[in-house]
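J.: 3D model of this:
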Amino acid sequence: MAVVMNTREPATLESVEKNSKAEADLNLVQSHVRDLDAQLNAKEADLATALNEKQRLENDLRELKDHVVTLKSSLEDTKKHLHNEMLKRVDLENHMKNLQEQLTFQKCLHEDELKEAKRVHESMIAEIESVQQREFESKLLNALQSLRKEQEEQIQGYKEELVRTFGQKVENAQLSAAKNINLANVAREELMETKLRIDNLTSEMDRFQSKNVALENRIRELQEMLDYDQDLHRRRMAEKEKEIKEAQEQAQAQLEEYEHLLDVKLALDLEIRTYRQLLEVEEQRLKLSPRPSSHSTASQAASQGQQFLHGRKRKMKEAKTRGHSAGFKNIQHGSSSGSLSIEEIDADGKFVRLKNNSDKDQPLRGWVLRRHLGSVSDVTYKFPSRFTLRAGQVVTIWGAAAGASPGPNDLVWKCQNSWGSGANIDVTLITDAGEELAERRMMHIPRGEESSEQDDVFEEVTGSEMEFPPQMSDCE
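T.: Residues are numbered from 1 along each chain as shown. So this is what the prediction gives:
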């Protein structure tokens with residue numbers, strides 16, 4: 001039996017070293033993947049900042065365009081108002097010219113009438129002088145004087161009335177012209193200011209357009225850089241996933257080899273301890289005080305161990321075809337302080353089942369399931385943000401490699417192949433506030449196939465020497 005132990009020990013050490021080296025390589029690859037994820041997040045943050053800046057500049061440009069349209073409409077209204085005022089001024093000037101021409105015409109007409117009246121009177125006077133010069137000389141003089149006086153008074157009245165009417169009209173025309181000139185000056189100043197503001201806004205719009213073109217070029221460059229980085233990251237991720245898959249395959253192969261060696265070692269240790277106890281019991285029963293030599297005892301134990309090991313290996317092969325449950329039994333214990341409870345943990349690590357024991361729907365936004373497996377770092381499953389567990393319903397969270405067809409109300413843990421198997425598993429339900437609402441523990445202990453004495457020995461060996469290797473996780 002000692003010879004068998006010596007031949008197995010170097011192979012075990014070599015497999016442990018290979019497993020440690022593979023785990024170190026896998027940890028290095030995972031750290032590199034996390035660095036690449038951090039770089040990708042930084043690039044995405046830069047892109048989001050550039051897109052926000054572009055949106056803000058587009059909003060500013062839209063506001064400036066609306067302001068330019070408003071100013072253009074105001075300029076058109078001002079031009080129309082100035083044109084109307086200029087038309088009114090031209091109308092008033094034409095009206096004033098018409099009044100002046102009418103006054104001049106009235107003056108000429110009055111002078112012609114006066115000349116005609118003088119000529120008529122002079123002719124009448126000449127005729128009267130020739131016929132009755134002496135008789136009517138005094139009467140003619142009086143009549144001429146009275147007629148001249150009346151005509152002078154009448155002419156003076158006409159003249160005063162005409163001067164007064166013309167002066168009033170001229171004054172009104174001057175006031176209207178002055179008012180129109182002031183309005184025209186104000187409109188001209190407003191037009192100049194509007195033109196100046198339009199020029200400033202046009203230059204500012206050109207500046208913003210050039211800046212927008214530069215920003216669009218920068219965004220295009222950043223997009224090209226991001227596409228290149230994403231393509232590069234995608235290729236690197238594919239390579240890393242391939243390397244991780246190869247490393248996982250190697251780790252799985254080493255894990256199977258390690259499990260096989262542990263099973264062999266466990267069987268050998270169990271056989272040695274069992275035969276020692278059987279020899280002691282037989283010695284006590286036969287009351288044999290002298291112990292056989294170590295060489296004869298070792299050879300006898302080796303021969304019996306070889307026979308038992310051969311049968312044990314055959315039994316282990318048959319047990320592996322039926323699953324690990326043939327030599328172990330699972331004990332599950334659950335507790336809950338709320339309306340939700342963890343109903344079941346699959347012995348093969350395929351799924352975890354959760355149930356709502358209340359009569360109200362429970363949204364699971366921000367809730368997580370935390371799995372604790374021996375010395376392996378804890379991993380958590382986060383429920384989808386829109387998932388709600390109906391009243392009295394059950395949801396099953398499957399592992400990615402479960403090989404089952406999930407129902408419409410089931411969930412799949414895409415970044416974790418299994419919930420774990422072959423060791424003590426502890427699953428805890430944690431709310432979005434960090435409160436541990438429910439817990440369930442599955443213990444994997446040996447099943448009693450032999451006598452109670454051999455069960456005690458097996459439990460002692462299992463508790464002291466049997467360790468299960470950690471299962472790798474694809475995500476935190």
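
J.: what residues are up against residue 247?
T.: 22, 25, 26, 29 (CB atoms under 8 Å, 6 or more residues apart in numbering). All C-beta spots, glycine's among them, are computed from the backbone N, C-alpha and C.

J.: Quickly find the element holding residue 333.
T.: Per DSSP states H and E: residue 333 is located in strand 328-336.

J.: Packing partners of that strand?
T.: strand 340-345, strand 436-446 (3 or more CB pairs under 8 Å, 6 or more residues apart in numbering; DSSP states H and E).

J.: possible to save the ones you listed as TSV with distance to residue 104, mean neighbour count and mean pLDDT?
T.: Shown next, in TSV, are these (distance: least, CB to CB, whole Å; neighbours: other CB atoms under 10 Å; pLDDT from 0 to 100):
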stretch	distance to residue 104	mean neighbour count	mean pLDDT
strand 340-345	111	20	91
strand 436-446	111	18	82
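
J.: Out of those strands, which gets nearest to residue 415?
T.: strand 340-345 (18.8 Å; CB to CB).

J.: got the helices and strands packed on strand 328-336 as a markdown table, with distance to residue 404 columns?
T.: A markdown table is the format used below for the helices and strands packed on strand 328-336 (distance: least, CB to CB, whole Å):
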| stretch | distance to residue 404 |
| --- | --- |
| strand 340-345 | 14 |
| strand 436-446 | 19 |
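
J.: re the thing from before, relative orientation of the strand holding residue 333 and strand 340-345 in degrees?
T.: If you take axes from the mean of the first three to the mean of the last three CA atoms, to 10 degrees, strand 328-336 sits at 180 degrees to strand 340-345.

J.: mind listing what strand 328-336 pairs with, with the direction of each?
T.: If you go by DSSP bridges, strand 328-336 pairs up with strand 436-446 (antiparallel).

J.: to the chain's geometric centre, what's the distance from the partner strand?
T.: Relative to its chain's centre, strand 436-446 lies at 39 Å (CA atoms, centre = their mean, to the nearest Å).

J.: Same question for stretch 267-284.
T.: With CA atoms, centre = their mean, you get 68 Å for stretch 267-284.

J.: For that stretch, buried residues please.
T.: Residues of stretch 267-284 classed as buried by neighbour count (16 or more other CB atoms under 10 Å): 267, 268, 269, 270, 271, 272, 274, 275, 279.

J.: Could you do stretch 215-229 as well?
T.: 215, 219, 222, 226, 229.

J.: Let me know the helix or strand that the second one is in.
T.: To tie it back to what came earlier, the one meant is residue 219. Element membership for residue 219, per DSSP H and E: helix 137-286.

J.: Tell me if residue 379 really is in a strand.
T.: Yes. Per DSSP: H, G, I helix; E, B strand; the rest coil, residue 379 lies within a strand segment.

J.: Quick check: the gap between it and residue 385.
T.: Distance, residue 379 to residue 385, by CB to CB, to the nearest Å: 19 Å.

J.: Those two: which is more packed in?
T.: When neighbours are counted by other CB atoms under 10 Å, residue 379 and residue 385 differ, and residue 379 comes out ahead with 22 against 9.

J.: Report the beta-bridge partner residues of the more buried one.
T.: Bridge pairing for residue 379 - DSSP bridges - gives residue 371.

J.: Check the contact between it and residue 371; I expect there is one.
T.: Yes. Here residue 379 reaches residue 371: they are 5.4 Å apart, a contact under CB atoms under 8 Å.

J.: Quick check: which ranges of this structure have low pLDDT?
T.: 1-11, 128, 132, 289-329, 422-423, 444-476 (pLDDT under 70).

J.: mind giving me the domain ranges of it?
T.: In the domain annotation for the chain, the residue ranges read 1-292, 325-448+456-465 (automatic domain parsing).

J.: Buried deepest among these, which one?
T.: Of all the domains of the chain, domain 325-448+456-465 carries the top mean neighbour count, a mean of 16, counting by mean count of other CB atoms under 10 Å.

J.: Now do that one: distance to the chain's middle.
T.: 32 Å.

J.: same question, stretch 139-148
T.: Computed by CA atoms, centre = their mean, the chain-centroid distance of stretch 139-148 equals 113 Å.

J.: could you dump it to PDB, C-alpha only?
T.: Extracted in PDB, the C-alpha atoms of stretch 139-148 (Å, rounded to 0.1, in the frame of the first residue of the first chain):
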ATOM      1  CA  LYS A 139     -71.200 162.200 -60.200                       C
ATOM      2  CA  LEU A 140     -68.600 160.100 -62.100                       C
ATOM      3  CA  LEU A 141     -65.900 161.100 -59.800                       C
ATOM      4  CA  ASN A 142     -68.000 160.200 -56.800                       C
ATOM      5  CA  ALA A 143     -69.100 157.000 -58.400                       C
ATOM      6  CA  LEU A 144     -65.500 156.100 -59.400                       C
ATOM      7  CA  GLN A 145     -64.300 156.900 -55.900                       C
ATOM      8  CA  SER A 146     -67.100 154.800 -54.300                       C
ATOM      9  CA  LEU A 147     -66.500 152.000 -56.900                       C
ATOM     10  CA  ARG A 148     -62.700 152.200 -56.400                       C
END
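
J.: List the residues that contact the most far-flung residue of the chain relative to its centre.
T.: Farthest-out residue of the chain from its mean C-alpha position, per CA atoms, centre = their mean: residue 134, at 127.5 Å. By CB under 8 Å, 6+ apart, the contact set of residue 134 is empty.

J.: for the stretch 351-476 of the chain, what spans make up the helices?
T.: 452-465 (DSSP state H, counting those that start in this stretch).
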